[in-house]
Structure formats: C-alpha cells, structure tokens
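In: below are the sequence and a predicted model for it; my questions follow.
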Amino acid sequence: GLELVFRAGERWTIKPVGEVELGTASDGRSGAVFAGGVRVLGWREVGPVALTLGATARYASPRSRRDLIQDYTTIELGLDAQTPLGVALGKHRLRGGGYAIVRYFPDLELPEGVLFDVGRTYEVGLSFAGSPELAIFKLKLPWIGIGYRFGDLFTGYRINFSFPF
C-alpha cells in the first residue's frame, strides 16, 4: 500500500491511502482486493491523559473474485486514552490505557443464501506506548495494542503496532 501523510494543524494528520491486498483462500483459490480511502488522526492531552481520535473511510473492490462479495465501504471511528504508568522500560517511560473502535459496513452485500449479515464490528483493547518510542531491531513501535474484535459475524483477538488509523 501507499500512504501519504499531511499535517492539518498542530493536532491533526490526514492520510490518503491506496492498497492492493493479495491472498489465498483455504480452498487454494487466490484473489486481490483493491482499496482506497482516507484516514484522519487527532490527539489532545487532557491533564495527564493523552487522547487519540481516529476515523477512516475506505472503499474496497475485490475485482479478481466477484462471486463471494461485491465492492464495499468501511467507515471506522476509534478513541484511545492513555495515562503515564509511572514505570520505565530502560529509558522509555511507559503509558497505558484502553481503546475502542466501531467499524460500519453500510453497503456490504453478500450472495443470496448467506445466513449472516455484517453491519458493524467492534473492538476494545489495551494500549501501551513509550516515550521515546519503543523499538525492536530498529523498527519503531509507537503504539502496541492488544484487542478483542466482535460483532455481527467476527470474533477474534488482534495485536497491532500503531493506532489503527
């Protein structure tokens, strides 16, 4: 994928993004999804609490396989709140907190006969960050999140290494 980053003032970032996702299903058939959208990220400190707000609008098209799913839109909104933990890992002062995300699929259509509907999914989790940023083998990790995703169809755990937007 390709993501551009634009600062929109002191507290906001806008990120237009284009992606190509390749994969193979368990039955051996492969496919691709082409997607584009925009992500917005804002942050503010309220006393000792650092708040991060993110939103995404994304349009995806699985053009290589049209028999399972049509083009669809995803709209996401998330909030993270972290506070200093009063501990350090080496020279990194740690912050921790929690986050919540709602994902909405306003136009997702599945083939006839499919007995489930995907309208919304939710995610809640714990988040951690270090100041200065944590790194593993010189790979910067600005944020580490461990979450649980659930909703109309999906349930599962997720590990992520930056705020999801």
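Out: Sure thing, it's come through. Numbering: from 1, shown residues only.
In: what segments of this protein are helices?
Out: Ranges of helices in the chain, per DSSP state H: none exist.
In: please list all residues in contact with the closest residue in space to Leu108 that isn't next to it in sequence.
Out: Spatially, and ignoring its direct neighbours in sequence, Leu108 is nearest to Tyr72 (4.4 Å; Cβ to Cβ, 6 or more residues apart in numbering). Every residue, glycine included, has its C-beta placed from N, CA and C. Applying Cβ atoms under 8 Å, 6 or more residues apart in numbering to Tyr72 gives the contacts 59-60, 105, 107-109.
In: may I see the buried residues of the lowest-mean-pLDDT helix or strand in the chain?
Out: The helix or strand of the chain with the lowest confidence, counting by mean pLDDT, DSSP states H and E, is strand 134-136 at a mean of 81. By 16 or more other Cβ atoms under 10 Å, the buried positions in strand 134-136 come out as Leu134.
In: each with direction, which strands does that strand pair with?
Out: strand 139-141 (antiparallel) (DSSP bridges).
In: quick one: the strand it pairs with to chain centroid distance?
Out: Its chain's C-alpha centre and that of strand 139-141 lie 17 Å apart, by Cα atoms, centre = their mean, to the nearest Å.
In: residues contacting it, please?
Out: Contacts of strand 139-141 (Cβ under 8 Å, 6+ apart): 130, 133-135, 161-162.
In: cool, and stretch 77-85?
Out: Contacts with stretch 77-85, where a contact means Cβ under 8 Å, 6+ apart, come from 48-55, 93-102, 123, 127-129, 143, 145, 163-165.
In: before we move on, what about stretch 142-158?
Out: Here stretch 142-158 makes contact (Cβ under 8 Å, 6+ apart) with 80, 99, 101, 103, 116-129, 133-134, 159-164.
In: need phi/psi at Ala25.
Out: Main-chain dihedrals, Ala25, degrees, to the nearest 10: phi -80, psi 170.
In: which parts of the protein are strands?
Out: Along the chain, counting by DSSP state E, strands occupy 2-3, 6-7, 12-24, 30-46, 49-61, 72-89, 92-104, 120-131, 134-136, 139-141, 144-151, 155-160.
In: ok, and the most crowded of the contacts of Tyr72?
Out: Most neighbours among those, by other Cβ atoms under 10 Å: Ala60, with 20 neighbours.
In: now that residue: how far from Thr24?
Out: The gap separating Ala60 from Thr24 is 18 Å, by Cβ to Cβ, to the nearest Å.
In: doesn't Val38 make contact with Val5?
Out: No: when contacts are counted by Cβ atoms under 8 Å, Val5 is not listed as touching Val38 (11.5 Å).
In: thank you kindly, that will do.
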